[in-house]
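[1] no letters, just coordinates:
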């Protein structure tokens with residue numbers, strides 16, 4: 001479209017536009033607004049993200065002009081320069097454009113038309129980040145081919161196709177297409193050849209991938225996507241929980257079911273929890289990637305997150321701490337978070353050290369191992385295997401001297417030879433969230449460095465290990481006292497020490513506030529279907545799905561937004577659970593999408609849940625046996641060392657409140673001798689855990705926190721972002737999904 005305008009028009013427009021600075025620092029501005037409309041009713045909407053969290057130097061904008069305005073009479077500028085040619089009309093009656101060439105920091109986009117004008121301020125951040133997660137890990141090794149230290153690189157594209165409906169994906173060469181390509185029909189009834197394009201690029205110093213059904217040779221833009229795109233997105237996630245100091249690989253995006261239905265399928269390396277287990281950085285990565293997808297592929301109706309193990313961890317704590325990123329989640333082999341579960345891993349580590357060294361046991365004390373053993377009774381599982389698998393799989397990620405990817409002996413922390421090196425622990429990688437240890441706790445190394453290491457939000461002061469087993473008569477008072485005397489604690493480098501060590505403040509408070517401990521207080525705004533199979537001792541404990549359920553009940557008086565689908569397949573529940581739960585979630589969200597009532601989002605998710613969806617028991621091969629859970633005969637629910645010690649199944653009391661030691665409390669069928677009780681009094685001078693009370697510093701997760709100031713400096717522990725500007729991020733989801741805590745587009749209609 002060619003727009004002709006006069007010098008008078010340009011002069012008038014220039015007088016209305018305030019030019020912005022071009023500083024290089026990362027900013028989160030509370031002054032950004034979606035629109036400054038005039039009396040004529042023109043509005044500018046920032047479609048692709050919050051106006052204050054734009055990244056990558058471009059932004060998708062909608063202009064809604066007053067009725068009767070000829071779009072040929074509208075002039076659009078960016079910081080005073082004409083960008084009118086970047087806009088075109090949409091079928092919704094707006095004028096949409098991908099505005100490129102944003103300066104770093106604050107920018108002004110303005111629209112001028114006969115009789116009025118409107119403007120909007122957007123804050124642009126570097127494509128390499130950071131956005132909200134604060135100062136980035138150093139040192140950092142970029143991928144081969146990166147053009148700068150922020151790992152930026154031009155995206156690449158690969159093509160795949162299906163030769164038949166049930167075949168695997170094969171490489172597709174658009175210049176030499178195969179003779180036979182299967183068709184697929186999307187959920188919108190569009191039939192196209194089953195050809196997929198996978199885009200691989202880099203944001204936030206790491207890799208992303210986007211896959212879509214794609215017809216080579218045909219155009220695709222956010223303004224006019226190819227018709228097979230259904231404007232829905234599936235986000236895939238990786239397993240484990242760890243830290244790496246280098247660019248990683250995004251999880252696989254070639255999901256046949258989602259792609260065949262017309263979904264865009266997206267992943268980012270930073271949401272592979274084994275590569276990065278920092279909730280703010282995971283959310284930052286998704287915020288940036290969603291913005292990019294909307295700007296280049298089109299707006300979204302809703303987003304579903306899916307993942308097992310560390311993937312379930314990512315989707316559940318992000319959905320609570322940054323509501324609005326997903327509208328529905330599909331956790332499998334579920335973990336609600338990393339840091340309430342960390343108490344179980346730390347307890348296992350200490351218990352294994354005690355149980356594994358008989359020289360530590362007191363005279364006459366003996367412990368049995370294996371299925372149904374004394375040790376298993378204390379650990380809360382049917383056998384000691386769960387603790388052993390947990391130790392081998394995950395304990396190393398909390399150890400600062402771990403040999404993590406991206407580090408070398410020369411730059412990695414060693415308390416003797418390199419005390420200032422990179423610490424390979426998930427707590428130190430998230431120091432922006434936890435905060436550093438206060439000077440009063442500093443070791444000689446920290447004093448020499450002049451800074452504290454990350455605080456540890458795990459505590460075992462007052463914990464009576466084995467209390468439940470003692471009450472049942474499964475262990476003796478001698479065993480109980482000996483264990484609790486010698487369990488000890490961990491120093492700042494996770495080395496065992498004789499004394500128990502309290503959780504560090506403010507790290508403990510910050511773990512709750514940030515969502516590192518998932519309190520589920522915002523999670524009622526997300527639909528959940530959890531596939532849950534039995535765990536015979538592979539540290540993917542079945543209780544965790546019910547821990548999250550119990551937190552939902554505590555916070556909201558209901559868990560109606562969470563379904564648990566059980567089955568006999570180990571960990572996974574059912575071989576078709578991933579497929580069936582995805583199809584069900586799509587139906588559920590499609591129903592919510594149509595809800596135009598004034599109900600809150602949490603109410604809509606419950607009210608619009610299809611009547612045939614609820615808890616279910618599956619036969620392992622895709623057939624539903626009956627409504628309701630299978631029960632413990634199929635999926636046994638074991639505990640943890642803390643639940644044996646008296647904690648609730650919520651298991652999010654990382655530090656308990658204490659009550660006085662009382663000999664009249666229930667300590668089982670065999671009374672303590674006076675000598676044993678004297679040892680108990682010496683051991684628990686300050687009291688024992690009172691699990692009837694909330695944990696110390698336990699508090700709700702604050703939604704949408706940032707960990708950086710406007711100049712890019714760190715905010716330890718975080719600070720809540722200001723409310724999103726009205727209409728900002730309207731392309732993230734359909735209007736029915738937007739709420740006051742979603743982080744984007746509150747109340748937008």
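    Great, that's in hand. Keep in mind the model is a prediction, meaning the values are calculated, not measured.
[2] which residues touch residue 336?
    Applying Cβ atoms under 8 Å, 6 or more residues apart in numbering, we find residue 336 in contact with 313, 316-317, 518, 520, 544, 547-548, 551. To be clear about C-beta, it is placed using only N, CA and C from the backbone, and glycine gets the same treatment.
[3] can you rerun that using 6 Å?
    316, 518, 547-548 (Cβ atoms under 6 Å, 6 or more residues apart in numbering).
[4] over to residue 691?
    By Cβ under 6 Å, 6+ apart, the neighbours of residue 691 are 646-647.
[5] any idea how far it is from residue 658?
    Separation of residue 691 from residue 658 (Cβ to Cβ, to the nearest Å) stands at 11 Å.
[6] residue 652 too?
    18 Å.
[7] low pLDDT regions in this protein?
    Along the chain, the parts satisfying pLDDT under 70 run over 1-42, 727, 740-742, 745-749.
[8] and for the residue nearest the centre of it, nearest residue in space, chain neighbours not counted?
    What sits nearest the mean C-alpha location of the chain, by Cα atoms, centre = their mean, is residue 318, with 3.0 Å. Distances taken as Cβ to Cβ, 6 or more residues apart in numbering place residue 283 nearest to residue 318, at 5.3 Å, with adjacent residues excluded.
[9] can you check residue 491 too?
    Using Cβ to Cβ, 6+ apart, the nearest residue to residue 491 is residue 497, at 5.2 Å.
[10] might you report the residue contacts of the one you found?
    Contacts of residue 497 (Cβ under 6 Å, 6+ apart): 488-489, 491.
[11] more crowded one of residue 652 and residue 658?
    residue 652 (28 against 16; other Cβ atoms under 10 Å).
[12] A strand includes the more buried one, no?
    No: Residue 652: not assigned to a strand; according to DSSP: H, G, I helix; E, B strand; the rest coil it is coil.
[13] closest to residue 75 out of the contacts of residue 336?
    residue 316 (47.0 Å; Cβ to Cβ).
[14] burial measure for the closest one, as a count.
    Residues near residue 316, counting by other Cβ under 10 Å: 30.
[15] did I read that right, it in a helix?
    Yes: under three-state DSSP, residue 316 sits within a helix.
[16] nearest spatial neighbour of it, chain-adjacent residues omitted?
    residue 336 (5.2 Å).
[17] what about the strands in the stretch 301-450 of the chain?
    Taking DSSP state E, counting those that start in this stretch as the test, the strands found in the stretch 301-450 of the chain are 302-308, 328-332.
[18] sheet partners, orientation included, of the first one?
    Note on strand 302-308: by DSSP bridges, its sheet partners are strand 232-236 (parallel), strand 328-332 (parallel).
[19] just to be sure, residue 707 is in a strand?
    Yes: under three-state DSSP, residue 707 sits within a strand.
[20] correct me, but it touches residue 719?
    No: using Cβ atoms under 6 Å, residue 707 makes no contact with residue 719, being 7.9 Å away.
[21] who has more neighbours out of the two?
    Neighbour tally, residue 707 and residue 719, criterion other Cβ under 10 Å: the higher count belongs to residue 707, 27 against 15.
[22] so what touches stretch 126-143?
    Identification of contacts with stretch 126-143 by Cβ under 6 Å, 6+ apart yields 26, 53, 55-56, 125, 150-152, 203-205, 245-247, 280-281, 284, 406, 411, 432, 706-708, 714.
[23] between the two ends of it, how far is it?
    Using Cα to Cα, to the nearest Å, the end-to-end distance of stretch 126-143 comes to 18 Å.
[24] identify each buried residue in that stretch, please.
    Within stretch 126-143, the residues that qualify as buried by neighbour count (16 or more other Cβ atoms under 10 Å) are 126-134, 136-137, 140-143.
[25] now, these that are in strands?
    Counting by DSSP state E, none of the members of the buried residues of stretch 126-143 fall within strands.
[26] return the member of these nearest to residue 217.
    residue 127 (28.5 Å).
[27] which residue packs closest to the closest one, ignoring adjacent ones?
    residue 56 is the one closest to residue 127 (Cβ to Cβ, 6+ apart), at 4.3 Å.
[28] returning to what we had before: just the contacts of residue 336: which are in helices?
    Cross-referencing those against helices under DSSP state H gives 316, 547-548.
[29] would a markdown table of the residues you listed with distance to residue 475 be doable?
    Putting the ones in helices among the contacts of residue 336 into a markdown table (distance: Cβ to Cβ, whole Å) gives the following:
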| residue | distance to residue 475 |
| --- | --- |
| 316 | 34 |
| 547 | 25 |
| 548 | 30 |
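[30] just the buried members of the contacts of residue 497?
    Buried by 16+ other Cβ under 10 Å: 488-489, out of those.
[31] mind putting the contacts of residue 497 into TSV with secondary structure and distance to residue 531?
    Listed next are these as TSV, based on DSSP: H, G, I helix; E, B strand; the rest coil; distance: Cβ to Cβ, whole Å:
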residue	secondary structure	distance to residue 531
488	coil	38
489	strand	36
491	coil	39
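[32] quick one: residue 565 is in a strand?
    Yes: checked against three-state DSSP, residue 565 lies within a strand.
[33] quick one, what contacts it?
    Residue 565 makes contacts with 531, 573, 577, 616, as judged by Cβ under 6 Å, 6+ apart.
[34] of those residues - the most surrounded one?
    Of the contacts of residue 565, with other Cβ under 10 Å as the count, residue 573 tops at 32 neighbours.
[35] ok, so of the buried residues of stretch 126-143, who is nearest residue 737?
    Nearest member of the buried residues of stretch 126-143 to residue 737, counting by Cβ to Cβ, is residue 132, at 20.9 Å.
[36] what distance do you get for the closest one to residue 551?
    24 Å.
[37] now swap in residue 256 and tell me
    34 Å.
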